[in-house]
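Enquirer: what follows is a predicted structure for the sequence shown.
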Amino acid sequence: MSGAVSRAIGTWQPGLYTNITVDYESRVQSFDNGSMGLSDLRLQDAGFYVVTVTESAGSSKDTGFVLKVNEVLYEDLQYLSVSALALACVAGLLMLVMWLLDKAYRKIVAWRRRKQMPETDATELQRL
């Protein structure tokens with residue numbers, strides 16, 4: 001029940017539920033003590049519920065409760081896992097590029113050193 005909409009789920013008489021609404025027909029579980037269970041909850045099931053007990057003499061008593069239904073958004077988990085995978089791929093690619101640049105740098109430094117060395121094999125020794 002909300003401020004604008006009020007729906008009945010069903011009526012219980014000792015040992016039997018009757019007048020169960022079509023929306024709840026396959027989802028209501030009845031128990032011998034008169035309690036009721038609602039399975040397969042949906043977001044539209046959230047709201048304020050009123051339980052009315054009416055005696056055969058005609059007097060009645062109401063009590064209410066609020067049902068809160070939270071939806072687990074698997075899209076959020078999927079988005080998080082895809083984002084983590086994409087970041088891991090970018091990190092791996094950056095590490096590969098850094099490794100290749102380091103290899104290229106070392107080869108260039110070695111090539112420059114070889115280029116600066118004298119062409120002859122003779123080496124002059126100097127006195128100490």
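Expert: Received the coordinates, thanks.
Enquirer: show me the domain layout of this structure.
Expert: 11-67, 72-117 (automatic domain parsing).
Enquirer: and these as TSV, adding mean pLDDT, mean neighbour count and distance to residue 125?
Expert: From N, CA and C alone the C-beta is placed, and that goes for glycine too. Output for the domains of the chain, formatted as TSV (pLDDT from 0 to 100; neighbours: other Cβ atoms under 10 Å; distance: least, Cβ to Cβ, whole Å):
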stretch	mean pLDDT	mean neighbour count	distance to residue 125
domain 11-67	80	11	91
domain 72-117	91	10	17
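Enquirer: take these and write them to JSON lines, including distance to residue 127.
Expert: As requested, these are exported to JSON lines (distance: least, Cβ to Cβ, whole Å):
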{"stretch": "domain 11-67", "distance to residue 127": "95"}
{"stretch": "domain 72-117", "distance to residue 127": "23"}
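Enquirer: which ones are touching residue 9?
Expert: Shown in contact with residue 9 (Cβ atoms under 8 Å, 6 or more residues apart in numbering): 20, 21, 24, 28, 36, 38.
Enquirer: so residue 18 sits against residue 11, correct?
Expert: Yes: with contact defined as Cβ atoms under 8 Å, residue 18 counts as touching residue 11 (5.0 Å).
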